[in-house]
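K.L.:
Okay, predicted coordinates and the sequence, questions at the end:
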Amino acid sequence: MLEYISAPEAAKKWGISERRVQKLCEENRIPGAFKFSHMWLIPTGAEKPKDMRIKNR
């Protein structure tokens, strides 16, 4: 059985804001994440997606 963490827990784990985690979930960039009621649930083993806003110089 898979275990899940909430968006605030993922934000703390990855060092980003809760809103950014929610946005990543909305964009389907976190595999296995789904919305349950008003809360995003993210698989415990999910890795932080690469930030596509940062370009190589």
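P.N.:
Structure received. Residues are numbered from 1 along each chain as shown.

K.L.:
Now name the helix or strand holding the residue most central in space within the chain.
P.N.:
Closest to where the C-alpha atoms of the chain average out (CA atoms, centre = their mean) is residue 21, at 4.2 Å. Assigned by DSSP states H and E, residue 21 belongs to helix 18-26.

K.L.:
one step back: any idea how far the residue nearest to the centre of the chain lies from residue 56?
P.N.:
Per CB to CB, to the nearest Å, residue 21 is found 24 Å from residue 56. C-beta: built from backbone N, CA, C; applies to glycine.

K.L.:
Ok, residue 20 next?
P.N.:
In terms of CB to CB, residue 20 sits 21 Å off from residue 56.

K.L.:
okay, those two: which has more neighbours?
P.N.:
Taking other CB atoms under 10 Å, residue 20 and residue 56 do not tie; residue 20 has more neighbours (15 against 3).

K.L.:
who's in contact with the more buried one?
P.N.:
residue 11 (CB atoms under 8 Å, 6 or more residues apart in numbering).

K.L.:
mind listing the helices for this structure?
P.N.:
7-14, 18-26 (DSSP state H).

K.L.:
I'd like to know which elements the top strand by length along the chain is packed against.
P.N.:
As assigned by DSSP state E, the longest strand anywhere in the chain is strand 39-43. Under the contact definition 3 or more CB pairs under 8 Å, 6 or more residues apart in numbering; DSSP states H and E, strand 39-43 sits against strand 4-6, helix 7-14, helix 18-26, strand 34-36.

K.L.:
would you turn these into TSV with mean pLDDT and distance to residue 51?
P.N.:
Formatted as TSV, the helices and strands packed on strand 39-43 follow (pLDDT from 0 to 100; distance: least, CB to CB, whole Å):
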stretch	mean pLDDT	distance to residue 51
strand 4-6	97	20
helix 7-14	97	10
helix 18-26	96	9
strand 34-36	95	22
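
K.L.:
quick one: which of those is nearest residue 49?
P.N.:
Proximity to residue 49 (CB to CB) singles out helix 18-26 among the helices and strands packed on strand 39-43, at 5.7 Å.

K.L.:
from the middle of its chain, how far away would that closest one be?
P.N.:
Taking the mean of its C-alpha atoms, helix 18-26 sits 6 Å from the chain's own mean (CA atoms, centre = their mean, to the nearest Å).
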